[in-house]
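Student: Quick one, fold the following:
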Amino acid sequence: MVVMLIVMPSALLATGIDDNTQIIALVAIFAALFTIVEYSASSPSLVEFRDAPPFNRVRFSALFATVLCLSVIFRGYETPSAVTDAFQASGTQIGATIDFPYSPVRLMVLMMPPDADPEVVQKLRDAAGLSYLISLISIVSFIIMLRLQHWPRRGGAFNVWVNLPTFDPTAGGDVVQRLQRDGRINTVLGFLLPFLIPAVLKLISLLGTPIRFDNTHTLIWTVTAWAFLPASILMRGVALSRVAQMIHMQRKRAYERAAEDDMQAA
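Tutor: Numbers count the residues shown, from 1 in each chain. Now for the predicted structure:
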């Protein structure tokens, strides 16, 4: 699935002059090997919530759906079909609906230079609107699953070391407070990033080399990152807050049992 995700735009769209098939294949193989090692090793290094589904499944599904939808939409400009027409019509309608003043989609459109090709601007609006909607659906879906399935435990044990390999419980301070703080920071950052990323891209285009959105592959991966990263960070914030709440409730029950034992011993 990871290999399919990475090679999908190149497989569905015509290969341009700047495309390098060997580099794409190498990146796909490296990403697949990294995923296999992370999920098979007893000591994880980077992937969080490895044994707490469906957190990573929801994130990967959102990423896969975004790349797939954008690839199908832009394939319609080269080889139109009934499927691509349906995706294009949906993207256009969603982009026009979400493109209201001060919305993240409007900021992405305003990021473009005044002399930009109207067709490229329209492609960006459609892609941004559809990608942002997918990210919102993924966030809502994760929150619903979190409530319905009693995530992350679901009746089993939750190993903090395996599921949070980058979090050091011995770094100092109360674990619950640190998790709550990190959860709030990630939640706020995930909410603000869709508004901040267009400003950063605009600043880069003014101070350095502007990003060429007339390249379809660049447009797909840039818009995908703009929509997916904030949603992923926001879901991480919700997950960390949930873990902090779980640890707090376990502590509370342990203190209550200890108090009952002391009363019985007395």
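Student: alpha carbons only for contacts and neighbour counts from here, please
Tutor: Fine.
Student: quick one: the closest residue to residue 166 other than its chain neighbours from residue 162, how far?
Tutor: Distances taken as CA to CA, 6 or more residues apart in numbering put residue 46 closest to residue 166, at 6.5 Å, once the chain neighbours are dropped. Residue 46 is 10 Å from residue 162, where distance means CA to CA, to the nearest Å.
Student: of the two, who's got more company?
Tutor: residue 162 (20 against 14; other CA atoms under 10 Å).
Student: hey, C-alpha coordinates of the helix or strand that contains that one in PDB?
Tutor: Here residue 162 sits within helix 160-163, counting by DSSP states H and E. Taking Å, rounded to 0.1, in the frame of the first residue of the first chain, the C-alpha atoms of helix 160-163 are listed here in PDB:
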ATOM      1  CA  VAL A 160       3.400   3.500  26.300                       C
ATOM      2  CA  TRP A 161       7.000   2.700  25.300                       C
ATOM      3  CA  VAL A 162       5.800   0.800  22.100                       C
ATOM      4  CA  ASN A 163       3.100   3.300  21.100                       C
END
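Student: list the helices and strands the one helix or strand in the chain whose mean pLDDT sits lowest packs on?
Tutor: Least confident element among the helices and strands of the chain, by mean pLDDT, DSSP states H and E: helix 160-163 (a mean of 82). Helix 160-163 sits against no helix or strand, with contacts defined as 3 or more CA pairs under 8 Å, 6 or more residues apart in numbering; DSSP states H and E.
Student: quick revisit: distance from the helix holding residue 162 to the middle of the chain?
Tutor: Distance of helix 160-163 from the chain centroid (CA atoms, centre = their mean, to the nearest Å) equals 20 Å.
Student: What are the contacting residues of that helix?
Tutor: Residues outside helix 160-163 that contact it (CA atoms under 8 Å, 6 or more residues apart in numbering): 43, 44, 47, 48, 49, 50, 51, 52, 167.
Student: Run the chain-centre distance for the very next helix or strand once past it.
Tutor: Past helix 160-163, further along toward the C-terminus, the next helix or strand under DSSP H and E is helix 175-207. Offset of helix 175-207 from its chain centre (CA atoms, centre = their mean): 13 Å.
Student: Tally up the residues packed near residue 78, please.
Tutor: Neighbour count of residue 78, defined by other CA under 10 Å: 11.
Student: What is the nearest of the contacts of helix 160-163 to residue 249?
Tutor: If you rank the contacts of helix 160-163 by distance to residue 249 using CA to CA, residue 52 comes first, at 18.4 Å.
Student: Wait, the closest one touches residue 152, no?
Tutor: Yes. In this structure residue 52 lies within contact range of residue 152 using CA atoms under 8 Å: 5.5 Å.
Student: More neighbours: the two, which one.
Tutor: Counted by other CA under 10 Å, residue 52 and residue 152 do not tie: residue 152 has more neighbours, with 23 against 19.
Student: Helices along the stretch 51-200 of the chain, start to end?
Tutor: Ranges of helices within the stretch 51-200 of the chain are 55-75, 82-98, 104-110, 118-148, 160-163, 175-207, based on DSSP state H, counting those that start in this stretch.
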